[in-house]
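Participant: heads up, no residue letters with this:
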């Protein structure tokens, strides 16, 4: 008997033992050898013949053996139920051969259904949503094709795929998959379920995927399994599923340990630990009792440390594989995602590559998509849409809260970060509760406690604390802007409360534009509040209002009416979008000063410090109304890669490259090929030749034939002029620069 025969016989005997709850052993009955027999009691027995030979002749031979054994048992007063189990599909002729003798001829799949009807379960399960793998706005199951992504494994250098996770699960491993919101944890569960389903009957590893958000208040494994099957409308499979689980034939997948409700809230870290443990009692019970593989997912920051996570889930850290979803798609994964949707999307540099963001883009209608990602693009519109998606997505988990409440709590938390030494937090448990109470007017209980512990974009600070911090600055910057807009139309009490506050963290580029385009307040109101906040000491908020008023919204100029900002704090100060008038900024810190100024009338910027000036290459390019600027770095033109980072149009990139290589590098001339090397697609031949021709026409370069093509040499008398162009870059008014802009 070969190895494959032994393995198949063992599998069938194992199934029979699971079905009838007693050992199934080879036995001689009535002088014939029966592959498996079970004595149910003194009056009933089970006879099983097992074959891998799928011919009708072999089946008839086995039926004859079963007839003999059946007759012998009957002569001794024992009723025998007989089965012939075939490894593969069977024919009607095979079934008919046994039917006349009350012997069931079954394929291995049919026989396994006597144990657990996995086919019915699989169809029902795949028709229902897998955790948060849904359309974030409609709540319907997300039918987008799975993008093969890779997951990191603690203690391993190389990443793994869903295939490896499925294999580990089938082999009985315990696996935790951690990840931030929208990082495809539920999609991983769905894909692993699909992979295991293909060979579930053969391997006796039935994947069972439970959404833990539907398991509130359950404390035992049987309760979780029953609730899961009831939700799928498979009440009649409850007993079979529990037997399969207890036999070790279930590969258990639990999605969202952070979505199991706590019934209370506490600001005491130790009490909160007890609350979390109690809410996960049922999850711990089903993991502890499972004899098969277990895969459980959740947001890492739900627990303050790994030790509590392992304890609450009932897992041994030495025997558990800890995997992590990556927060962003790689370039390859990004292209694959949109290609599967038959979409051509030129993802702008400002957009994070988060899977949930990509899903949000995929769900946009054509008109909205063109508005947000057309030739101009509209990051602010997309941010407003995306934050709504996030809030509605979380509101679907916490049905007691609408998306507006969750958004208001977000905004309240964003304000708290303004006073922190670090940009993103930390936010204490007391502050979480205070934010909730400020929005709802009540202390958090029941579902509210869970919502606060797992708010998207909030993560834990370290393993030693329950404190949270924002992990997504993209979201935080926009939330701060929404808070600033709300302050502008707030009550006098609220405005007075923030006027003298010592804030530390200013709005960045996105936040300024979100505030600039917020329609809830007028520019006149913001200007008057900027002056008030400046006088009373909240220099960060005053600077935010000034920088947002400097952003282009409708093409008009901005008159600051003589406003003076002293000791301001700007994270980003753009001067190139809008004509500015009557503004003085002194003794201020500016994270990035973005030039050239579009136009400035009666504007002064003096005695300020900045780590970076963009848009010009040296202090020589600064306008006269900027004085005593302590700048650490200007845009560099030392290499093509640095030139590209400046953000010039292609024709200007080529011009700067030619000027730098001809006038300011050693040598008397440059071959055309060397002159344009490294420009790639930017340096198309036609455009490059037009620029070289213009420089020769103006007498800036000379050209002669070399051994390998044209050689270009600088006319040194024009070196000062070329240096000025390099210094001023975007602010240059040189005729050559202006002419090249039209190419």
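Facilitator: Okay, I see it. As the structure is a prediction and not an experimental result, all values here were calculated from the model.

Participant: Give me the packing partners of the helix or strand containing residue 239, helices and strands only.
Facilitator: Per DSSP states H and E: residue 239 is located in helix 238-246. Helices and strands touching helix 238-246, by 3 or more Cβ pairs under 8 Å, 6 or more residues apart in numbering; DSSP states H and E, are strand 206-211, helix 221-231, strand 250-255. Heads up, the C-betas are built off the backbone N, CA and C, glycines and all.

Participant: Of those, which is nearest residue 177?
Facilitator: Of all these, it is strand 250-255 that lies closest to residue 177, at 9.1 Å by Cβ to Cβ.

Participant: ok, and what's touching the closest one?
Facilitator: Contacts of strand 250-255 with the rest of the structure, by Cβ atoms under 8 Å, 6 or more residues apart in numbering, involve 130-131, 169-170, 185-186, 189, 192-193, 196, 205-212, 241, 244-245, 283, 286-287, 290, 292-297.

Participant: and if we set it to 6 Å?
Facilitator: Here strand 250-255 makes contact (Cβ atoms under 6 Å, 6 or more residues apart in numbering) with 131, 169, 186, 189, 196, 205-212, 244, 290, 292-297.

Participant: Within the sheet, what are the partner strands of it, with directions?
Facilitator: strand 206-211 (parallel), strand 294-298 (parallel) (DSSP bridges).

Participant: would a markdown table of the ones you listed with distance to residue 476, mean pLDDT and mean neighbour count be doable?
Facilitator: Below are the strands paired with strand 250-255 laid out as a markdown table (distance: least, Cβ to Cβ, whole Å; pLDDT from 0 to 100; neighbours: other Cβ atoms under 10 Å):
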| stretch | distance to residue 476 | mean pLDDT | mean neighbour count |
| --- | --- | --- | --- |
| strand 206-211 | 29 | 93 | 24 |
| strand 294-298 | 22 | 94 | 26 |
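
Participant: Tabulate these (JSON lines), appending distance to residue 256.
Facilitator: Below are these laid out as JSON lines (distance: least, Cβ to Cβ, whole Å):
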{"stretch": "strand 206-211", "distance to residue 256": "7"}
{"stretch": "strand 294-298", "distance to residue 256": "6"}
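
Participant: Residue 700: which of these is closest?
Facilitator: strand 294-298 (62.7 Å).

Participant: next structured bit after the closest one?
Facilitator: From strand 294-298, the next helix or strand downstream (DSSP H and E) is helix 306-313.

Participant: Might one say that residue 184 is in contact with residue 355?
Facilitator: Yes. If you go by Cβ atoms under 6 Å, residue 184 and residue 355 touch, sitting 4.8 Å apart.

Participant: More neighbours: those two, which one.
Facilitator: residue 184 (28 against 24; other Cβ atoms under 10 Å).

Participant: Just say helix, strand or coil for the residue nearest to the spatial centre of the chain.
Facilitator: In the chain, the centroid-proximal residue (Cα atoms, centre = their mean) is residue 183; its distance is 2.8 Å. What DSSP: H, G, I helix; E, B strand; the rest coil gives for residue 183 is coil.

Participant: mind checking how far it is from residue 270?
Facilitator: Going from residue 183 to residue 270 by Cβ to Cβ, to the nearest Å gives 30 Å.

Participant: Equivalent analysis for residue 588, please.
Facilitator: From residue 588 to residue 270 the distance is 45 Å (Cβ to Cβ).

Participant: Which of the two has more residues huddled nearby?
Facilitator: Neighbours per residue (other Cβ under 10 Å) separate residue 588 from residue 270, with residue 588 holding more: 21 against 9.

Participant: Nearest residue to the more buried one in space, ignoring adjacent ones along the chain?
Facilitator: For residue 588, ignoring the flanking residues on the chain, the nearest one in space by Cβ to Cβ, 6 or more residues apart in numbering is residue 568 at 3.7 Å.

Participant: That'll do, ta.
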